[in-house]
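J.: After the sequence you'll find the predicted model.
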Amino acid sequence: MAWQRRRVRHGLDPLVRLQLFRIPALRAGLQTFLAQNLIPMGAFFSIPLYLQLVVGLNALETGLRMLPVSIAMFVTSLSGSVLAMRFSPRTIVRAGFGVLMVALLLLIAAIEPALRSGGFAFAMAMLGIGMGLVARSWETSSNRRSVPPNAARRAGFNGPHSNSDLRWVSR
């Protein structure tokens, strides 16, 4: 942080403009982004370990058991633009986190040494739906709106998809 401040004092561009973190909506969006990434990372790390070490599945069988989460996340994230026309990004993100919590409870209920395929697959699909809802909406829901236009490029919101993403949020 001292290095960042030193660069600003000398008139150079810092890696991160620390004053951006004073914006409450940006902080909330980044916290959402952190949670949105920690949940899948934890799931994609711990569930395969469980499937291989406890249940005794091989790598291919583990991958097949993980398939519902990937398919559901992909399909749900594709539907994000359609959902954004009817619901606010905040509502979509909250619904996504709600679905994630239900999915985690279902996963806990489905965990047993002799894994029930149907209950586990359903819980995994719910996990994918929740992750897909959150993944599509986190950035545009708070971060893009919270950064002043003159700082958008420095905050990383000036890429090739910026305009199209902003259009679907503004509807």
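T.: The structure has been received and is ready for your questions.

J.: ok, residue 99 - contacts?
T.: Residue 99 sits next to 126, 129-130, 133 when contact means Cβ atoms under 8 Å, 6 or more residues apart in numbering. Yep, even glycine has a C-beta here, placed from its N, CA and C like the rest.

J.: Also residue 44?
T.: Residue 44 touches residue 66, counting by Cβ under 8 Å, 6+ apart.

J.: In terms of pLDDT, where does the nearest residue to residue 52 once chain neighbours are set aside sit?
T.: Spatial nearest neighbour of residue 52, chain neighbours left out: residue 62 (5.5 Å); criterion: Cβ to Cβ, 6 or more residues apart in numbering. Looking at residue 62, its pLDDT stands at 92.

J.: before we move on, what about residue 69?
T.: On the pLDDT scale, residue 69 is placed at 92.

J.: buried stuff in the helix or strand hosting residue 90?
T.: According to DSSP states H and E, residue 90 maps onto helix 89-110. The neighbour-count check on helix 89-110 (16 or more other Cβ atoms under 10 Å) flags 89, 92-97, 99-100, 103-104, 106-107, 110 as buried.

J.: how close does residue 18 sit to residue 7?
T.: 10 Å (Cβ to Cβ, to the nearest Å).

J.: coming back round to it: columns secondary structure on top of the contacts of residue 99, output as JSON lines?
T.: Rendered in JSON lines, the data for the contacts of residue 99 read as follows (DSSP: H, G, I helix; E, B strand; the rest coil):
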{"residue": "126", "secondary structure": "helix"}
{"residue": "129", "secondary structure": "helix"}
{"residue": "130", "secondary structure": "helix"}
{"residue": "133", "secondary structure": "helix"}
